[in-house]
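*Asks:* fold the following and give me the result.
(2 chains)
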Amino acid sequence: MINENDPSTLSTSGRLLSYNNAVKEGLKIGQQFTELMDQLINTKDPKELVAAAQTLSVFELDSDYVTFPHQYNNADYYLVFMSRLLELHDQGEAITLDSHEDNQHLTQQISALGDLGVFAFVSANDNTGGVYYQDKVTGETLFYLNLKRRMMRINSSAITKLFIETYADKLEKEHLLSATDLLIAFGQALKTDFGFDVDFNLLDTSNNEFYAFQTSNLSGEIVDKLFVAAASENYMLKHDKDGAVLELAPDLKLKIASHNATGGAAWGLYVSDEDQTVSWFKVLLEYPFLRKWYLENIDDLQIRSDNLVF
Amino acid sequence: MPNNNEETNQEVTPGQAQLDSSLTQKIKYLQTLQSALHEHDDRQIYELIDKPRYDREVKKSRSTTKTQNLADLVADDHEQLSHYLSENLIDYLGKTYPFFYYDEVRNGEFDIYFGNWWDRRKFGKLDVLNVAFEFDETEYGKLKRSFELDALNQRYNTDNIAEISANSAQLQKLIDGQDERDHQKETLRQQLKEVSQKSTLPWDSGKVKEERQTIVDQLSKLADDDEEAINANKKIKENDEKILSLSKEDTILTYEKQSIQQRFEDFSHFESHNQSLYTDYLTSLIGKGQVNVDD
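*Replies:* Sure thing, here's the model as predicted:
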């Protein structure tokens, strides 16, 4: 019996035919790959862009008979995707993509940060194609991205460590803000172009955003500290129905509340301003006494990130 | 059926006449009170529930004629009266004392809070029927003292905080001096060894013993310091907590002081205003009563 799947049963010409077919198959995969790369690099259509990135992020380029010695990491295609998406939203100059030919991988730099951060995606190993956007210098992961599940989650702890602590005395506030604005622009593009579910966390400027503290039981002592610190800067922390409120400017209020936006019991913050352009992050950059208070009590005050991915 | 005509024609004894007049007075009192209530004439209600005080402090009348104490008739309505009268009174107080806030803890019973800042103090109670503040003595005393200290450019807890801070600085020094002490101990132990190894000739023994004792004493002093240094961090943390609560109290007292200064300039003006509150309030009500009806 001739069994096409068992080469030992084939005649020589049958074997050659089978080999040739397998190579063709392998080349076809390669062909498909280059088409996807073309699409990823050149398309002007956000939908085609995300489709290419999604396919490439799980693409197996090698087959049994055809292997390619020079390959990028699957996670690298996310970097191309991110750069391209920002480019489509006129933010292409805010980042540079570097290709390292020696061991074939990509990294990204955020222009506003100068030489400080080198970013790349690393797999989250969660079997759904999730990746972390990580700074190679410090190992901090700024956000989680999952194209398949259409979600992005900003990591409050990494944002705090890098932008409020590590970079704070090395960079101008404007540069820090344009770097985080870039992350917001990326998330916003994912949201509007593809309907992603995006948690901007402490970068969120909406008045309804409840920045939940790590602790579910905020001690009065921590609020006392803020009360005293604020008073010495001529700000009065006022009594409020649901906690306390600090008027930082005529149109900027910081509220400490014991209920989240849906009325559930939890301790956290609201930042409200008429134009909804100020986030807790911006407040931290702007007001040293609040930054000091936040960092000194970070174990309790750290804004919670999605605990499913962080 | 009793014959009414016959009854009224019966002769009235002096006792009955007195009773009759007393009852009429009471009915009239209650009717007047009721119509004052209907007409929202708070001034008259105050006059009715404490006539002697009203005559003395508002009418400034010097006569001391004793009137029957009819106010007792509504003694068990005080809660409701207090609740009712509080509305206009608190409105009035809001203008004179904008920094006081009231919480009706039970019907007609009001706690006073000083200020709208974080952890503002409960400052006492509002006695609506007597138009008077009943300040918490401790809290009031602290505020009064802060005004006195203001002249010395000091806050209520300045000395206290300085003392605790000095203690913390001392403890920090003890922690920082660990290396130095370790070094000293090493040297002293070496000395002790040397002293012990010295030939103990009978005529030297007293001197050696003395030398030894000096070194041992020094070592034990250093050991005490070490011991204290071990607990120092905990102690410093406790001190920090104390300083925080004292600073918070100072901040609150400063806010209270500023509120009073903004409104009354100084504490004595504040106190005299409180003294004359009853007269001032009721005088302000004269002419205001029955407005709704006259309109």
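
*Asks:* spatially central residue in chain A, please.
*Replies:* A:Phe143 (2.8 Å; CA atoms, centre = their mean).

*Asks:* dihedrals phi and psi, that one?
*Replies:* Main-chain torsions, A:Phe143, degrees, to the nearest 10: phi -160, psi 170.

*Asks:* identify the bridge partners of it.
*Replies:* A:Tyr133, A:Ile154 (DSSP bridges).

*Asks:* all strands of chain A, in order?
*Replies:* Under the criterion DSSP state E, chain A carries strands at the ranges A:95-100, A:105-110, A:119-123, A:131-135, A:141-146, A:151-154, A:197-199, A:211-212, A:237-240, A:243-249, A:252-259, A:265-272.

*Asks:* can you redo the ones you listed as a markdown table with mean pLDDT?
*Replies:* Shown next, in a markdown table, are the strands of chain A (pLDDT from 0 to 100):
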| stretch | mean pLDDT |
| --- | --- |
| strand A:95-100 | 88 |
| strand A:105-110 | 91 |
| strand A:119-123 | 92 |
| strand A:131-135 | 95 |
| strand A:141-146 | 96 |
| strand A:151-154 | 96 |
| strand A:197-199 | 96 |
| strand A:211-212 | 96 |
| strand A:237-240 | 94 |
| strand A:243-249 | 95 |
| strand A:252-259 | 95 |
| strand A:265-272 | 94 |
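
*Asks:* how about the ones you listed, which one is nearest B:Gln31?
*Replies:* Shortest distance between B:Gln31 and these, using CB to CB, is found for strand A:237-240: 44.9 Å. (Glycine included, C-beta is placed from N, CA and C.)

*Asks:* so what touches the closest one?
*Replies:* A:223, A:226-227, A:230-231, A:244-247, A:255-257, B:115-120 (CB atoms under 8 Å, 6 or more residues apart in numbering or on different chains).

*Asks:* and the buried ones among the residues you listed, selectable in ChimeraX?
*Replies:* ChimeraX command restricting the contacts of strand A:237-240 to the buried ones, with burial defined by 16 or more other CB atoms under 10 Å in any protein chain shown:
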select /A:223,226,227,230,231,244,245,246,255,256,257 /B:115,116,117,118,119,120
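
*Asks:* which parts of the stretch 201-310 of chain A are helices?
*Replies:* A:220-232, A:280-286, A:288-296, A:298-301 (DSSP state H, counting those that start in this stretch).

*Asks:* what's next to the second one, contact-wise?
*Replies:* So that's helix A:280-286. Identification of contacts with helix A:280-286 by CB under 8 Å, 6+ apart yields A:159-160, A:163-164, A:168, A:173, A:176-177, A:180, A:202-205, A:211, A:248, A:252, A:254, A:269, A:271, A:290-291, A:294, A:303.

*Asks:* tell me the buried residues in it?
*Replies:* Residues of helix A:280-286 classed as buried by neighbour count (16+ other CB under 10 Å): A:280-285.

*Asks:* give me the domain ranges for chain B.
*Replies:* Domain segmentation of chain B under automatic domain parsing yields B:12-74+B:284-294, B:79-152, B:158-262.

*Asks:* quick check: which of those domains is nearest to A:Leu40?
*Replies:* domain B:79-152 (54.0 Å).

*Asks:* what strand or helix carries the residue nearest to B:Asp136 when sequence neighbours are not counted?
*Replies:* Computed as CB to CB, 6 or more residues apart in numbering or on different chains, the closest residue to B:Asp136 that is not its neighbour in sequence is B:Gly124, at 4.5 Å. Using DSSP states H and E, B:Gly124 sits in strand B:121-127.

*Asks:* how about B:Lys60, secondary structure?
*Replies:* What DSSP: H, G, I helix; E, B strand; the rest coil gives for B:Lys60 is coil.

*Asks:* now the helices for the stretch 151-295 of chain B?
*Replies:* Under DSSP H, counting those that start in this stretch, the stretch 151-295 of chain B gives helices at B:158-176, B:178-197, B:205-264, B:267-275, B:277-285, B:291-294.

*Asks:* out of these, which gets the lowest mean score?
*Replies:* Ranked by mean pLDDT, the helices of the stretch 151-295 of chain B end with helix B:291-294 at the bottom, a mean of 42.

*Asks:* closest to A:Gln54 out of the helices of the stretch 151-295 of chain B?
*Replies:* Judging the helices of the stretch 151-295 of chain B by CB to CB, what sits closest to A:Gln54 is helix B:205-264, at 52.9 Å.

*Asks:* does the closest one reach chain A?
*Replies:* Yes - Helix B:205-264 lies within reach of chain A by CB under 8 Å from any CB of the partner chain, at B:241, B:244-245, B:247-248, B:251, B:254-255.

*Asks:* circling back: winner for burial among the domains of chain B?
*Replies:* Stretch with highest mean neighbour count among the domains of chain B: domain B:79-152 (a mean of 16; mean count of other CB atoms under 10 Å in any protein chain shown).

*Asks:* just how off-centre is that domain within its chain?
*Replies:* 9 Å (CA atoms, centre = their mean, to the nearest Å).

*Asks:* show the end-to-end separation of that domain, please.
*Replies:* Domain B:79-152 has an end-to-end distance of 45 Å (CA to CA, to the nearest Å).

*Asks:* spit out the contact partners of B:Glu241.
*Replies:* Counting by CB under 8 Å, 6+ apart, B:Glu241 touches A:Glu221.

*Asks:* typo on my end, it should be A:Val198
*Replies:* With the criterion set at CB under 8 Å, 6+ apart, A:Val198 makes contact with A:151-153, A:187-188, A:190-191.

*Asks:* quickly note the distance from the residue in the stretch 1-150 of chain B that chain A sits nearest to to A:Phe200.
*Replies:* With CB to the nearest CB as the measure, B:Trp118 is the residue of the stretch 1-150 of chain B nearest to chain A, at 4.3 Å. Remark: distance between B:Trp118 and A:Phe200 (CB to CB, to the nearest Å) = 29 Å.

*Asks:* all helices of the stretch 51-200 of chain A, in order?
*Replies:* Using DSSP H, counting those that start in this stretch, the helices of the stretch 51-200 of chain A run over A:76-88, A:156-159, A:173-194.

*Asks:* of those helices, which is nearest chain B?
*Replies:* Of all these, it is helix A:156-159 that lies closest to chain B, at 24.9 Å by CB to the nearest CB.

*Asks:* off-centre distance for the closest one?
*Replies:* From the chain centre to the centre of helix A:156-159 is a distance of 11 Å (CA atoms, centre = their mean).

*Asks:* check contacts around the residue nearest to B:Thr283 when sequence neighbours are not counted.
*Replies:* Among residues not flanking B:Thr283 along the chain, B:Val58 sits closest, at 6.3 Å (CB to CB, 6+ apart). For B:Val58, the contact set (CB under 8 Å, 6+ apart) comprises B:47, B:278-279, B:282-283, B:286.

*Asks:* how close does B:Val58 sit to B:Lys51?
*Replies:* Relative to B:Lys51, and taking CB to CB, B:Val58 is found at 10 Å.

*Asks:* same thing with A:Glu274?
*Replies:* Applying CB to CB to A:Glu274 and B:Lys51 gives a distance of 56 Å.

*Asks:* same question for A:Ser156.
*Replies:* Distance from A:Ser156 to B:Lys51, counting by CB to CB: 68 Å.

*Asks:* so B:Glu134 versus A:Lys255, what's the distance?
*Replies:* 33 Å.

*Asks:* I should have written B:Ser276 there, sorry.
*Replies:* 40 Å.

*Asks:* now swap in A:Asp204 and tell me
*Replies:* Distance from A:Asp204 to A:Lys255, by CB to CB: 15 Å.

*Asks:* now do A:Tyr72
*Replies:* 47 Å.

*Asks:* B:Gln172 against B:Ala232, yeah?
*Replies:* Yes - between B:Gln172 and B:Ala232 there is a contact at 7.3 Å, judged by CB atoms under 8 Å.
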